[in-house]
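*Asks:* Attaching a predicted model along with its sequence, questions to come.
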Amino acid sequence: MHLHWEWLIVIYLFLGGLGAGAYLTSYAAGRGWLGNSPALKRAGYFIAAPIVAFGTVLLVFDLGQGLRKPWLLIGLLSNFTSVMTWGVYILALFICVGLVVAFFVWKKKEIPSALEHLGALLAFSTCAYTGLLVAVVEAIPFWNTYVMPVLFVVSAISTGLSITVLVSNIIDKGVHSDEYKISKLHFYLVSVEIILVAFIFSVANAGGGVKAASAAQAISGGLALWFWLFLVVLGLVVPLLISAFAVRKLGKSAHTGHALHAAAGSGNTVALEQGQGLANVLLLSDALVVLGGFVLRYVVIFAALPIWNGTLM
């Protein structure tokens, strides 16, 4: 496999899931599924389409084919038996719908329900597509598993939630979110991610052949540092522990929503400082989740070995 192709697919898979997950976060926040979290209702819609569009441009043009052989793109659009063709249409529709939704939000106008629902459907399809794109490659057994798209969907939702929280703290600073419900959702998402990662690598390790060799690349080979430190410890375990701590700490006052909001209302300086400290730790956790999402895709792509000695492209 060409190193250049690998890096581009890592970046695309990450950005595709990140942007789609951000849209789903604002969609969920707008319906009250994340508690009283007005800060999350706008940020995800603003960043979703640009992030996915940037990743798509990288995928198409930086591979070289888009500029050197543009006629191949025409063939791609007409090959409806290809998962990549489905993805091109899904991505194009999502980017268009996402930009229109962002325009409505920017103008502070009500988003047409049908348009918002369509965007959510396309966002979920984009999350799934980023996993299917690698899962359908039969020549690489490590990727070729039905669990891979599930992992990518969960990771996309998790990273999308985190990036939306981070961006909302910039564009909607001072507007509160329900940290209890957000932390609880993070706990569940990261827990599922850990289970899926453990399942994929343990099954591959027990499968023998290139599957086991691929798993070994990550577990004990050249990617071991990335896998254990940046993915497992920093990207999964630390956010899991932080979210578990936040759920426990905020659980008794879940009805108050945001820790800072509750502390400010009480007039207690110590409580306010503690609330600010917890909020900062949660932001660190969100940054680690985003890092972990990127490293996950890096490890999955770079660890994979083909069943032949040629190249994909």
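*Replies:* Cool, got the structure.
*Asks:* who's in contact with stretch 85-101?
*Replies:* 16, 19-20, 23, 45, 48-49, 52-53, 56, 76-80, 111, 115-116, 118-119, 122-123, 125-126, 129, 132-133 (Cβ atoms under 8 Å, 6 or more residues apart in numbering). All C-beta spots, glycine's among them, are computed from the backbone N, C-alpha and C.
*Asks:* cool, and stretch 297-309?
*Replies:* Against stretch 297-309 from outside (Cβ under 8 Å, 6+ apart): 1, 6, 9-10, 13-14, 17, 134, 139-143, 148, 152, 155, 209-210, 213-215, 217-218, 221, 223, 226-227, 231, 312.
*Asks:* Give the ChimeraX command for selecting the buried subset of the residues you listed.
*Replies:* In ChimeraX, this line selects whichever of the contacts of stretch 297-309 come out buried by 16 or more other Cβ atoms under 10 Å:
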select :1,9,10,13,14,17,134,140,141,142,143,148,152,155,210,213,214,215,217,218,223,226,227,231
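*Asks:* In PyMOL, how would I pick out whichever of the contacts of stretch 85-101 are buried, leaving the exposed ones unselected?
*Replies:* For the buried members of the contacts of stretch 85-101, the matching PyMOL selection, counting by 16+ other Cβ under 10 Å, is:
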select buried, resi 16+19+20+23+45+48+49+52+53+56+111+116+118+119+122+123+125+126+129+132+133
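*Asks:* I figured residue 56 hits residue 11, correct?
*Replies:* No: in this structure, residue 56 is not within contact of residue 11 by Cβ atoms under 8 Å, at 10.8 Å.
*Asks:* for the stretch 101-250 of the chain, which spans come out with low pLDDT?
*Replies:* Counting by pLDDT under 70, the stretch 101-250 of the chain shows no low-confidence range.
*Asks:* Point me to the helix or strand that includes residue 21.
*Replies:* Here residue 21, judged by DSSP states H and E, is contained in helix 3-30.
*Asks:* Quick one: classify residue 143 as helix, strand or coil.
*Replies:* Following DSSP: H, G, I helix; E, B strand; the rest coil, the label given to residue 143 is coil.
*Asks:* who's in contact with it?
*Replies:* Residue 143 makes contact with 134, 135, 137, 300, 304, according to Cβ under 8 Å, 6+ apart.
*Asks:* among those residues, which are in helices?
*Replies:* Per DSSP state H, helices hold the following members of the contacts of residue 143: 134, 135, 300.
*Asks:* coming back round to it: now the helix holding residue 21, how far from the centre of its chain.
*Replies:* Here helix 3-30 is found 5 Å from its chain centre; the criterion is Cα atoms, centre = their mean, to the nearest Å.
*Asks:* Kindly export the helix or strand just after it (C-alpha atoms) in CSV.
*Replies:* Later in the chain than helix 3-30, the nearest helix or strand by DSSP H and E is helix 40-61. The C-alpha trace of helix 40-61 is given here as CSV (Å, rounded to 0.1, in the frame of the first residue of the first chain):
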residue,chain,number,x,y,z
LEU,A,40,-24.7,22.5,21.4
LYS,A,41,-27.6,23.5,19.2
ARG,A,42,-25.6,25.6,16.8
ALA,A,43,-21.9,24.6,16.8
GLY,A,44,-22.3,21.2,15.2
TYR,A,45,-24.4,22.6,12.4
PHE,A,46,-21.8,25.3,11.7
ILE,A,47,-18.8,22.9,11.4
ALA,A,48,-20.4,19.7,10.0
ALA,A,49,-20.5,20.4,6.3
PRO,A,50,-17.1,22.3,6.0
ILE,A,51,-15.3,19.5,7.8
VAL,A,52,-16.8,16.8,5.6
ALA,A,53,-16.3,18.9,2.5
PHE,A,54,-12.6,19.5,3.3
GLY,A,55,-12.1,15.7,3.9
THR,A,56,-13.8,14.9,0.6
VAL,A,57,-11.7,17.3,-1.4
LEU,A,58,-8.5,15.8,0.1
LEU,A,59,-9.7,12.3,-0.7
VAL,A,60,-10.6,13.1,-4.4
PHE,A,61,-7.9,15.5,-5.4
